[in-house]
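*Asks:* 3D, please:
(2 chains)
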2 protein chains.
Amino acid sequence: MFTRREKNECGLEPVTLKLMEEMLAGNRRALARLMSMVEDDGDEAHALLAAIHPYTGKAHIIGVTGAPGTGKSTLVNELAQVYRRQDITVGIVAVDPTSPFSGGALLGDRIRMRELSGDPGIFIRSMASRGSLGGLACATDDVIKLLDAAGYKRVIVETVGAGQTEVEIARTAHTTIVLEVPGLGDDIQAIKAGLLEIADILVVNKADKAGADTTVTILQAMLDLNSTAASVAAHHTPSPPAAGSEEAGSSSSALAVAWRSPIIKTVAIDGTGAEELVAAIEAHAAFLRETGLFRLKEKRRAEAELRRMLSHALISRFLDQMPPDTLSKIVERIVSREIAPYTAVEELLSGAGSC
Amino acid sequence: MFTRREKNECGLEPVTLKLMEEMLAGNRRALARLMSMVEDDGDEAHALLAAIHPYTGKAHIIGVTGAPGTGKSTLVNELAQVYRRQDITVGIVAVDPTSPFSGGALLGDRIRMRELSGDPGIFIRSMASRGSLGGLACATDDVIKLLDAAGYKRVIVETVGAGQTEVEIARTAHTTIVLEVPGLGDDIQAIKAGLLEIADILVVNKADKAGADTTVTILQAMLDLNSTAASVAAHHTPSPPAAGSEEAGSSSSALAVAWRSPIIKTVAIDGTGAEELVAAIEAHAAFLRETGLFRLKEKRRAEAELRRMLSHALISRFLDQMPPDTLSKIVERIVSREIAPYTAVEELLSGAGSC
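*Replies:* Just a heads-up that it's a prediction; the model follows:
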């Protein structure tokens, strides 16, 4: 198998190989076309992702999440400008899982980001789920890999909201930033324990508005509470991983056990706090590398991806060997309450085993 | 296989079988214990779900979603009371994907719902993802099946937020209600096209506040826009399903092609609009049954579940036949950029094929 790939330069179609070479040489048009290819998720996309794999693993991936209206896009814009002043290249992926067909909600972001788009050191990609809600997390992952292979040193992934997809996309990131704004304290549901748990850095944006300090105080109290809960949990967990510190961290996740998530106040609209935020991101990046947690994160991510791909491949291979109407016949029987789904799976598997 | 199951009364442990019989006879404690069992997702849970399958398919499932602070819990409370006045039993499932470990955000809901809990015609279950973000949609599905089997005629599923999980959970519902509140119009991102797409009924809650009529107008305009987009799309789609009407519907989904999503104003806190909303839900339920779309929805849902279970079973079976460190060795090679994930999958599959 490897021989074939080596001979054929990774088994890519000549046109894809050419695009890949152009992309690696810094061609933005080639990068954009390859992004569309991986979004379409065909066989050629898989071969491409295999071919670029050796060029990936260099970018630091930053996830930015928070409820609508917290100012994520503006803040991402400011972060990118700080990085560009340091001559560091930036890829931006704006993900909106709730716009499956129009993508219209991102229009505002695109307008705001236009000022960045003349800079060859920045590449911006907007992603909506375009009808297929299932594949967005995967497609985002693949677009990040392309930006990484294309040499962008920091990739910022901006996700809307607080749902499971956003949390999953944030878990792809090496450093996750969660945005809050003053005044959310009047709704008990607005500040989510689950979001705090994934935050490596907390940002209180619109910090010039009334109530900013109260929001910081509330968040700090919630962080301390989580930290206590994590300490308690650690006593009940057999052999927690060593993390370079005896002290319990700010999160119940073993990955963050020695990192205390800072809370940073920003006013994204005028850039206040953006440099401090970049410094915090870089401190977290250094922390991950020094403690070996970076490699652990990469392993977890690789394993999750491998399992996802494997289960995809297994079900395709399995259904391919069945008569084409197998699935629809069984579905009919399930809906008629003739057979339960779990029993149907057992039946399918035992049938396949006997042939 | 069926013979074994018939002999052993579905292959259940005696204690589970007893609980199931008690649950079917209306015992709430048994229902609660079986819910915990399906949430834990072991082999016995699978056997239980297979055993209750013949008793399911009678409940009408209502999804309620919307951003934090829109008043979902209060509205669900009011809906339940309207149904109870009509002597219709109601199961309520409150899902919070963003509280993986504390579940604390649902405390407020529980307090509000306490007034309902003395009524044997109502059963309330709160669900948080409890550390495992992956399985929440499945666990919710299974808890709904138990409520259905236990004889609750309407099951209301309340989900927080606007992420992919919420959308997926809403897709499980027969009738999906999306909540908005006045004043969200100042943020372009607050009203989501994706949420409009899944809404069978739109609710503007807190309709006594300023701006309610403006919100209704904006939502109506967005619905009309989607409707136009759907008409255009329909012209490019080969053989759209018949839907009892020539008119393009309010959604681009084929399932809703002849349904015009109504917009209903409510003040959940004092019950205003709750009866009208129940009437709209029942009208939608009747529409689904009359057009045959109900069965189509059930088929899609069954197929998705079957595929999910099958891919689960296939990957377990596949990995069981491998040496235990196969996966971790490959992950190590992926992280070292020695091999790409897609190539690793090919290697695994070809290796498995040769033995």
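
*Asks:* mind listing the strands for chain A?
*Replies:* Taking DSSP state E as the test, the strands found in chain A are A:60-66, A:90-96, A:122-128, A:154-160, A:175-180, A:201-204, A:263-265.

*Asks:* pick the most deeply packed of those strands.
*Replies:* Burial of the strands of chain A is given as mean neighbour count (mean count of other Cβ atoms under 10 Å in any protein chain shown); strand A:154-160 ranks first at a mean of 28. Any C-beta I mention is one placed from the backbone N, CA and C, and that applies to glycine too.

*Asks:* okay, now the sheet partners of that one, with direction.
*Replies:* strand A:60-66 (parallel), strand A:90-96 (parallel) (DSSP bridges).

*Asks:* run through who's touching stretch A:335-343.
*Replies:* A:330, A:333-334, A:347, B:1-2, B:5, B:46-47, B:49-51, B:53-54, B:56-57, B:295, B:298-299, B:302, B:305-306, B:309 (Cβ atoms under 8 Å, 6 or more residues apart in numbering or on different chains).

*Asks:* now do 7 Å
*Replies:* The contact list for stretch A:335-343 (Cβ atoms under 7 Å, 6 or more residues apart in numbering or on different chains) reads A:333-334, B:46, B:49-50, B:53-54, B:57, B:295, B:298-299, B:302, B:305-306, B:309.

*Asks:* which of those sit farthest apart?
*Replies:* Farthest pair in those (Cβ to Cβ) is B:46 and B:295. Separation: 25.2 Å.

*Asks:* out of those two, which sits in the busier spot?
*Replies:* residue B:46 (21 against 14; other Cβ atoms under 10 Å in any protein chain shown).

*Asks:* can I get the strands paired with strand A:154-160 in TSV including distance to residue A:14 and mean pLDDT?
*Replies:* Listed next are the strands paired with strand A:154-160 as TSV, based on distance: least, Cβ to Cβ, whole Å; pLDDT from 0 to 100:
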stretch	distance to residue A:14	mean pLDDT
strand A:60-66	31	91
strand A:90-96	27	87
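
*Asks:* would you write a PyMOL line that selects the buried entries of the contacts of stretch A:335-343?
*Replies:* Only the buried members of the contacts of stretch A:335-343 enter the following PyMOL selection, criterion being 16 or more other Cβ atoms under 10 Å in any protein chain shown:
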select buried, (chain A and resi 333+334) or (chain B and resi 46+49+50+53+298+302+305+306+309)
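
*Asks:* any regions of the stretch 101-250 of chain A where pLDDT drops low?
*Replies:* A:101-117, A:128-135, A:160-171, A:184-195, A:226-250 (pLDDT under 70).

*Asks:* rerun that using 50 as the cut-off
*Replies:* A:101-108, A:111, A:131-133, A:162, A:185-191, A:234, A:236-250 (pLDDT under 50).

*Asks:* helices along that one, start to end?
*Replies:* A:107-113, A:136-149, A:164-172, A:193-198, A:212-236 (DSSP state H, counting those that start in this stretch).

*Asks:* quick one: neighbours of residue A:317, just the number.
*Replies:* By other Cβ under 10 Å, the residues close to residue A:317 number 13.

*Asks:* kindly report the same for residue A:336.
*Replies:* So residue A:336, with other Cβ under 10 Å, has 12 neighbours.

*Asks:* contacting residues around residue A:58?
*Replies:* Neighbouring residues of residue A:58 by Cβ under 7 Å, 6+ apart: residue A:148.

*Asks:* where's it relative to residue A:299, distance?
*Replies:* 17 Å (Cβ to Cβ, to the nearest Å).

*Asks:* residue A:119 contacts residue A:81, correct?
*Replies:* No - with contact taken as Cβ atoms under 7 Å, residue A:119 and residue A:81 are classed as non-touching, separated by 9.1 Å.

*Asks:* which one of these two is surrounded by more residues?
*Replies:* Neighbours were counted for residue A:119 and for residue A:81 using other Cβ under 10 Å; residue A:81 has more, 18 against 13.

*Asks:* the stretch 251-355 of chain A: helices as residue ranges?
*Replies:* A:274-291, A:293-320, A:326-335, A:341-353.

*Asks:* how big is the angle separating the first one from strand A:175-180?
*Replies:* Direction vectors for helix A:274-291 and strand A:175-180, defined by axes from the mean of the first three to the mean of the last three Cα atoms, to 10 degrees, enclose an angle of 140 degrees.
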